[in-house]
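In: dropping the sequence and predicted coords here.
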Amino acid sequence: MEIAIHNWMRAESIETTLTRIAGLGYDKIEIQGSPELYDPTQVLQLLQSHHLTCWGAVTLMLEDRNLLAKDAAQRKKSIQYVKDVIQMVHRLEGNMVSVVPATVGKLVAEGKPEDEWLLAVDALQEIYDYSENLGVSIGIEPINRFETYFINRADQALALATAVGPNCGVCLDTFHMNIEEIDMVEAIKSSKDRLIGFHVADNNRMAPGMGHLPWTDILNALKSIHYDRVLSVEFCSPLDRTPANPYPNSIDEHPENLSPEQRKFLEDHGSSAVTEHFYHMLSEKSIHFLRELLS
């Protein structure tokens, strides 16, 4: 398996990120779903110069982005956003896009379950057809109940993927699984035929190995279903403004280039802007731990 890392956790230039992860020994990047930030031609050249590749992207379902919105115009705009992310990944010669169907942070439904399900399937089928034509896979990602009311577990994601199309996959995340799954190992095994991506962070959403998740069991489960693709690091450090903070220099009080959208996304995840030193440490711990685990 190869190792990738997301880059939505810190606002810095793509040049800075790629220099960092290449130096630490990562294989790939799973780039944040913000097509407006990147010139794909330039990013592809940067990737090549650093001997890296793009694995894919994760959708940032913020503000009015919602594939099951009641409002047709809002739904259409959300579908176009996901298509734009897929197009970016295609131009970066990537493989997959993990899709969270509903708005992150939205915890109250707008309609009846059966109606929202049909809206989600309809929107995702349009996205799926688009992605299939470009040769990019999409994976439905379940996230925990404190971030969405829609699709929290692997079995739900599998049901939605099955309704969308034969090649529609799922993307699992250890942090969310630790909250929502009865048995993480069984959830991984049940996703055997559709697992196209796997995000890794520990139970406290710190770097893998900095919490109590059973990483040997997780890796063995992945091996048992012959998942040999990519582990994508996606830590998002908890916010600690107390004297008990074990990393007193972790919070960046004056972040540069942090957009309001990025700030809200971090805050919605119980985090904040972090310092370069702290971010580098987490990135380094992640790659070292995973390389040792895979050896």
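Out: On my side now, so go ahead.
In: shaky segments in the protein?
Out: The chain contains residues with pLDDT under 70 at 252-272.
In: ok, the residue nearest to the spatial centre of it - contacts?
Out: Nearest residue to the geometric centre of the chain (C-alpha atoms, centre = their mean): residue 58, 4.5 Å. Residues near residue 58 by C-beta atoms under 8 Å, 6 or more residues apart in numbering: 6, 8, 30, 32, 33, 97, 98, 100, 141, 199, 234. Glycine gets a C-beta too; all of them are placed from N, C-alpha and C.
In: could you redo the last one with a cut-off of 6 Å?
Out: Applying C-beta atoms under 6 Å, 6 or more residues apart in numbering to residue 58 gives the contacts 33, 98.
In: and if you look at the one 3 residues further on?
Out: Contact partners of residue 61, counting by C-beta under 6 Å, 6+ apart, are 100, 103, 104.
In: got a markdown table for those residues, with neighbour count too?
Out: Converted to a markdown table, the contacts of residue 61 look like this (neighbours: other C-beta atoms under 10 Å):
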| residue | neighbour count |
| --- | --- |
| 100 | 24 |
| 103 | 23 |
| 104 | 19 |
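In: sorry, back to before: so the residue nearest to the centre of the chain is in which element?
Out: Element membership of residue 58, judged by DSSP states H and E, is strand 53-59.
In: from the chain's centroid, how far away is that strand?
Out: Per C-alpha atoms, centre = their mean, to the nearest Å, the displacement of strand 53-59 from the mean C-alpha position of its chain is 9 Å.
In: residue 28 against residue 4, yeah?
Out: Yes: Residue 28 is within contact range of residue 4, at 3.8 Å (criterion: C-beta atoms under 6 Å).
In: between those two, which one's more packed in?
Out: Using other C-beta atoms under 10 Å, the more surrounded residue of residue 28 and residue 4 is residue 4, with 28 against 21.
In: parallel or antiparallel, which strands does the helix or strand where that one lies pair with?
Out: In this structure, residue 4 sits in strand 2-6 according to DSSP H and E. Taking DSSP bridges as the criterion, strand 2-6 forms sheet pairs with strand 28-33 (parallel), strand 230-233 (parallel).
In: okay, the strand holding residue 58 in CSV with CA atoms only?
Out: What follows is strand 53-59, C-alpha atoms only, in CSV (Å, rounded to 0.1, in the frame of the first residue of the first chain):
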residue,chain,number,x,y,z
THR,A,53,1.3,11.7,-7.7
CYS,A,54,-2.3,12.8,-7.0
TRP,A,55,-4.4,10.0,-5.4
GLY,A,56,-7.6,11.9,-5.5
ALA,A,57,-9.6,14.5,-3.5
VAL,A,58,-12.1,14.9,-0.8
THR,A,59,-15.3,17.0,-1.2
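In: can you list the strands that it pairs with?
Out: Sheet pairing of strand 53-59 (DSSP bridges) gives strand 28-33 (parallel), strand 96-99 (parallel).
In: which residue packs closest to residue 103, ignoring adjacent ones?
Out: Sequence neighbours aside, residue 66 is the residue nearest to residue 103 in space, at 4.5 Å (criterion: C-beta to C-beta, 6 or more residues apart in numbering).
In: before we move on, the earlier item: can you tell me which of the strands paired with strand 2-6 is most buried?
Out: strand 28-33 (a mean of 26; mean count of other C-beta atoms under 10 Å).
In: can you name the element that comes right after that strand?
Out: helix 40-49.
In: thank you kindly, that will do.
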